[in-house]
Each structure stands twice: as C-alpha cells, then as structure tokens.
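J.: Any chance you could fold what I've pasted below:
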Amino acid sequence: MSEMKAREGQWYVDRANHEFFLVIAIDESDGFIDVRDRYGDIDEFDFDEWDAMDLAICSAPTEWWQDEESGSDEADDADGDTHHFKSSGTT
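T.: This next block holds a predicted model:
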C-alpha cells in the first residue's frame, strides 16, 4: 500500500506494473487523480486506487509524448497523427 501523496507535475512509477505516469491534476472534491502516461494517454485513479499502488517517485522516462506549444517541423505519421518525443539523442 502506498502512502505517497500525489503532486501535480511529478512523475511516478507503479513498480508492480512498471507503468510510468505524470500527475496532471488532482481533484480533491471528487477524489480523483488525473495522469498522463509516457505515450500521452490520459487516465484517472480514485484515491483508493492510488493508495493501493506500489509507487515510487521517478524522473520522466527517456522518451515520452508531450504537447509542444510551438510549431514543429516534424512530419505526420502515416496515420495522420503527430507524435512528439523527448529523446536521449542516442538514436
């Protein structure tokens, strides 16, 4: 059981499932924590789910999806979606 308090803007790893996610919002009144995983998918956990996870604070994964406010010269993928990755530069 986790006694780790969620903080907006902090990355966490669920050690049981090896899942990385960023806390993007905490809704105290409704009891939900909104997160974005390293692929850009948004999900939510209720406080009980959060407390049941085996969590650790971590830094952002080497590669992860993120919104870029400024324009990008990157081409769209074949399916028409644009993905932005933060890279370690080792590609």
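J.: Break down the chain into its helices, ranges please.
T.: With DSSP state H as the criterion, the chain has helices at 47-52.
J.: Could you point out the longest strand of it?
T.: Longest strand of the chain, by residue count under DSSP state E: strand 19-27.
J.: Summarise which helices and strands it is packed against.
T.: strand 11-14, strand 32-37 (3 or more C-beta pairs under 8 Å, 6 or more residues apart in numbering; DSSP states H and E). C-betas here are computed from N, CA, C, even on glycine.
J.: Make CSV from the ones you listed and add mean neighbour count and mean pLDDT to it.
T.: Shown next, in CSV, are the helices and strands packed on strand 19-27 (neighbours: other C-beta atoms under 10 Å; pLDDT from 0 to 100):
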stretch, mean neighbour count, mean pLDDT
strand 11-14, 19, 96
strand 32-37, 18, 96
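J.: what's the closest of the ones you listed to residue 20?
T.: Closest to residue 20 of the helices and strands packed on strand 19-27, according to C-beta to C-beta: strand 11-14, at 5.2 Å.
J.: Contacts for the closest one next, please.
T.: 4, 6, 19-23, 35, 53-61 (C-beta atoms under 8 Å, 6 or more residues apart in numbering).
J.: strands paired with that strand, and their directions?
T.: If you go by DSSP bridges, strand 11-14 pairs up with strand 19-27 (antiparallel), strand 55-58 (antiparallel).
J.: Let's have the helices and strands packed on strand 19-27 in JSON lines, adding distance to residue 46.
T.: As requested, those are arranged in JSON lines below (distance: least, C-beta to C-beta, whole Å):
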{"stretch": "strand 11-14", "distance to residue 46": "15"}
{"stretch": "strand 32-37", "distance to residue 46": "6"}
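J.: got any ranges where the protein has weak pLDDT?
T.: Within the chain, the ranges that satisfy pLDDT under 70 run 1-2, 64-91.
J.: circling back: buried subset of the contacts of strand 11-14?
T.: 6, 20, 21, 22, 23, 35, 53, 55, 61 (16 or more other C-beta atoms under 10 Å).
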